[in-house]
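# No sequence on hand, only this structure:
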């Protein structure tokens, strides 16, 4: 059990950090805005208060420490996804990691963003209410590909 927790932590943190490094590189190269984890924190903080869907999260009253909540939720989610990957792929994968299971995990996790987080924050299903939904979706796919690479590299680091 301790090994599973350790693997989940390391692999999840590596995957999430890779996603963040991708966002930073994209920001530096193109000026694309960095993710606003404070707004994600606001969304997470409102969920236990019974508010899952917001017309526009920026119009929802802020909560104390929302940026910290957002960052914590971001990394906790990555760790949970890594744990799911390890459970599904099995112990053989952590001993000899291959990219395909990590990539599949990265692509499946887009669904939570498109069909829970985006509509929950007011961006619509699969970012349909954003100014350029196709661009938003392409950026989501790229970010989750970076996440998958980080999962895989984290697993290689531990193997």
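That came through, no problem. Not measured: the values here are computed from a predicted model.

# Now do the helices in the chain.
2-30, 37-46, 66-89, 91-95, 99-112, 118-121, 133-158 (DSSP state H).

# For those, give me TSV that also has mean neighbour count and distance to residue 56.
Where C-beta positions appear, they are placed from N, C-alpha and C, glycine not excepted. What follows is the helices of the chain, written out as TSV (neighbours: other C-beta atoms under 10 Å; distance: least, C-beta to C-beta, whole Å):
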stretch	mean neighbour count	distance to residue 56
helix 2-30	17	22
helix 37-46	21	10
helix 66-89	18	15
helix 91-95	14	41
helix 99-112	18	20
helix 118-121	21	8
helix 133-158	19	15
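
# Where among those is average confidence lowest?
Among the helices of the chain, helix 91-95 has the lowest mean pLDDT, at a mean of 93.

# for that one, packing partners?
For helix 91-95, the elements it packs on are helix 66-89, helix 133-158, judged by 3 or more C-beta pairs under 8 Å, 6 or more residues apart in numbering; DSSP states H and E.

# Any idea which of the ones you listed gets closest to residue 36?
Of all these, helix 66-89 sits nearest to residue 36, with 7.7 Å by C-beta to C-beta.

# That closest one to helix 2-30, inter-axis angle?
With axes from the mean of the first three to the mean of the last three C-alpha atoms, to 10 degrees as the basis, helix 66-89 and helix 2-30 are set at 120 degrees to each other.

# now residue 134: how far from residue 140?
Shown here: residue 134 relative to residue 140, a distance of 11 Å by C-beta to C-beta, to the nearest Å.

# got a list of contacts for stretch 22-34?
Stretch 22-34 is contacted from outside by 35, 139, 142-143, 146, using C-beta atoms under 8 Å, 6 or more residues apart in numbering.

# what about 10 Å?
Stretch 22-34 is contacted from outside by 20, 35, 135, 139, 142-147, 149-150, using C-beta atoms under 10 Å, 6 or more residues apart in numbering.

# Make JSON lines from the residues you listed and add distance to residue 66 to it.
As requested, the contacts of stretch 22-34 are exported to JSON lines (distance: C-beta to C-beta, whole Å):
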{"residue": "20", "distance to residue 66": "18"}
{"residue": "35", "distance to residue 66": "13"}
{"residue": "135", "distance to residue 66": "26"}
{"residue": "139", "distance to residue 66": "22"}
{"residue": "142", "distance to residue 66": "26"}
{"residue": "143", "distance to residue 66": "21"}
{"residue": "144", "distance to residue 66": "23"}
{"residue": "145", "distance to residue 66": "28"}
{"residue": "146", "distance to residue 66": "24"}
{"residue": "147", "distance to residue 66": "22"}
{"residue": "149", "distance to residue 66": "29"}
{"residue": "150", "distance to residue 66": "25"}
